[in-house]
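Participant: What follows is a predicted protein model with its sequence.
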Amino acid sequence: MKLLDGKAISAQIKEEIKAEVAQMIDGDIRPPHLAAILVGEDPASQTYVASKEKNCASVGIMSTAYRLPADTSEEELLQTIEFLNNDEEVDGFIVQLPLPKHIDEDKVIKLVDPSKDVDGFHPVNIGKMVLGEDTYLPATPYGIMELLKRYDIDTEGKHCVVLGRSNIVGTPMSLLMSRKSKPGNATVTMCHSRTKNIKDIAASADILIAAIGQPHFVTADMVKEGAIVIDVGMHRIEDASKKSGFRLTGDVDFDEVSKKASYITPVPGGVGLMTIAGLLLNTLKARKAKL
Ligand code: GUN
């Protein structure tokens, strides 16, 4: 078994971004600027946004976080989006999901200017992705594609099973893996909560991508000997032995599955870090689009 090391590959990507940003600054060009809107105090979302700020700083990308209270009205959030759409100094921005229940997520996503939609969630950008046009890819699938590419994993003609059909991961991941590209060119099966015999389908995968949102859903009996396993899950499990009071685990039972897999991503240290790398790449792209 070999680890698909998101820590090492994201560090490599960050070095590349840092060098490009340094060149911009040397040439008197304003560095890229990412903004993030966070509504409410969801602990996982707070961690993600803080991590995005820290990672931006580490490569020289400017960042601004708009932390709004949980009772922010939909109207106020839409106004903040309008403000960022019109702010010449902001190249791209994201609205951290999930949003509080009283806010219509769909309305929010559709108001983001597609040219600043570095999350790649706007219907225009999703449409471009489907057609294989140049666009901002959603950060997690983008990060996973980069990971496969940089490990030179051969995906052509392989059976790729994606567990989960979310707009953020499962759906775009299925599309990208089936596209005529490298990595890509795989035969994709997308499974979800209504799929019959999900275990058998997963066990037939050459490449298994778990984005189902349940800790340790993927057990060793669901994995073929030699399969490549990508774990998108990120769950906090109470653990009194940790300073934070919790530890992170994924959708895959790593200890058992890693005995069968040829390659596997760890949690933490896998897809999560690649998601951040994807977002940083999109932010750099947004800045370069204006030059
Ligand atoms: N919530 C979970 N993943 C994401 C992401 O990639 N972008 C945003 N905006 N929110 C998320």
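Facilitator: That came in fine, so what should we check first? Please read all numbers here as calculations on a predicted model, not as lab measurements. Residues are numbered from 1 along each chain as shown.
Participant: Quick one: name the residues of the stretch 51-200 of the chain near the ligand.
Facilitator: 94, 95, 96, 97, 119, 139, 140, 168 (CB under 6 Å from any ligand atom). No exception for glycine: its C-beta is placed from N, CA and C like everyone else's.
Participant: Now do the fourth one, the pLDDT please.
Facilitator: For residue 97, the pLDDT comes out at 97.
Participant: Restricted to helices, list the residues of the stretch 51-200 of the chain next to the ligand.
Facilitator: 139, 140 (DSSP state H).
Participant: Could you identify the most distant pair in the residues of the stretch 51-200 of the chain next to the ligand?
Facilitator: Spatially, the most separated pair among these is 95 and 140, at 15.7 Å (CB to CB).
Participant: In the stretch 51-200 of the chain, what residue comes closest to the ligand?
Facilitator: residue 97 (3.7 Å; CB to the nearest ligand atom).
Participant: what's the nearest residue to that residue if we skip its chain neighbours?
Facilitator: Leaving aside its chain neighbours, residue 97 sits nearest to residue 105 (6.6 Å; criterion: CB to CB, 6 or more residues apart in numbering).
Participant: show me the residues around residue 49 that make contact.
Facilitator: 36, 38, 65, 67, 96 (CB atoms under 8 Å, 6 or more residues apart in numbering).
Participant: can you pick the most crowded of the residues you listed?
Facilitator: Among those, the one with the most neighbours (other CB atoms under 10 Å) is residue 36, at 25 neighbours.
Participant: My read is that that residue contacts residue 52, right?
Facilitator: Yes. The pair residue 36 and residue 52 qualifies as a contact (CB atoms under 8 Å) at a distance of 5.8 Å.
Participant: who touches both of these two?
Facilitator: 63, 94.
Participant: now the strands: where do they sit in the stretch 1-150 of the chain?
Facilitator: For the stretch 1-150 of the chain, applying DSSP state E, counting those that start in this stretch gives strands covering 2-3, 33-39, 62-68, 92-95.
Participant: Deepest in the core, which of those is it.
Facilitator: Each of the strands of the stretch 1-150 of the chain was scored by mean neighbour count; the highest is strand 92-95, a mean of 26, by mean count of other CB atoms under 10 Å.
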